[in-house]
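In: No letters, just coordinates:
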């Protein structure tokens, strides 16, 4: 009986330590890329696990477990939007998820001078 109680206590301590590690990771800003900014493309129809894997591979989020914990903390109705996102500097996983929920995609503004034809516009667009 003592071994069972000890094993149960050990499992509870390991679970609490894991939960604390994930919680502290969610609250800590992270930037795993060396350049000033990182662009991540999220295609339409991608699930949250695949989005997390892309963010981890790009160095925006520390690991997928931290991303999943932050996604869980942000709420079950977290609909992450597709698009090309620009990340500049360290961000917490919750801030990354908030950016994806808002759809704060990277936008390039192009202005065409009046009177150009389609071929001249295509050269500017390139």
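Out: Perfect, I can see it now. Every value quoted in this text rests on a predicted model; they were computed, and no experiment measured them. Numbering: from 1, shown residues only.

In: Run through this protein and note the low-pLDDT ranges.
Out: Within the chain, the stretches falling below the threshold (pLDDT under 70) are 17-25, 76-77.

In: Residue 43 contacts residue 82, doesn't it?
Out: Yes: the pair residue 43 and residue 82 passes the contact test of Cβ atoms under 8 Å, sitting 5.9 Å apart. Using the backbone N, CA and C atoms, a C-beta is placed for each residue, glycine as well.

In: the more surrounded of these two?
Out: Between residue 43 and residue 82, residue 82 has the larger neighbour count (other Cβ atoms under 10 Å), namely 15 against 11.

In: how near is the more buried one to residue 35?
Out: To residue 35, residue 82 is 23 Å away according to Cβ to Cβ, to the nearest Å.

In: Over to residue 88?
Out: In terms of Cβ to Cβ, residue 88 sits 9 Å off from residue 35.

In: So between the two, which is more surrounded?
Out: Higher neighbour count among residue 88 and residue 35: residue 88, with 12 against 9, using other Cβ under 10 Å.

In: Might you report the residue contacts of the more buried one?
Out: For residue 88, the contact set (Cβ atoms under 8 Å, 6 or more residues apart in numbering) comprises 36-38.

In: got those residues as a markdown table, with distance to residue 49 and secondary structure columns?
Out: A markdown table is the format used below for the contacts of residue 88 (distance: Cβ to Cβ, whole Å; DSSP: H, G, I helix; E, B strand; the rest coil):
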| residue | distance to residue 49 | secondary structure |
| --- | --- | --- |
| 36 | 28 | coil |
| 37 | 25 | coil |
| 38 | 20 | strand |
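
In: Generate a ChimeraX selection restricted to the buried subset of the residues you listed.
Out: The following ChimeraX command selects only the buried members of those, with burial defined by 16 or more other Cβ atoms under 10 Å:
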select :38
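
In: Identify, from the contacts of residue 88, the entry nearest to residue 73.
Out: Sorting those by distance to residue 73 puts residue 38 at the head of the list, at 23.1 Å, by Cβ to Cβ.
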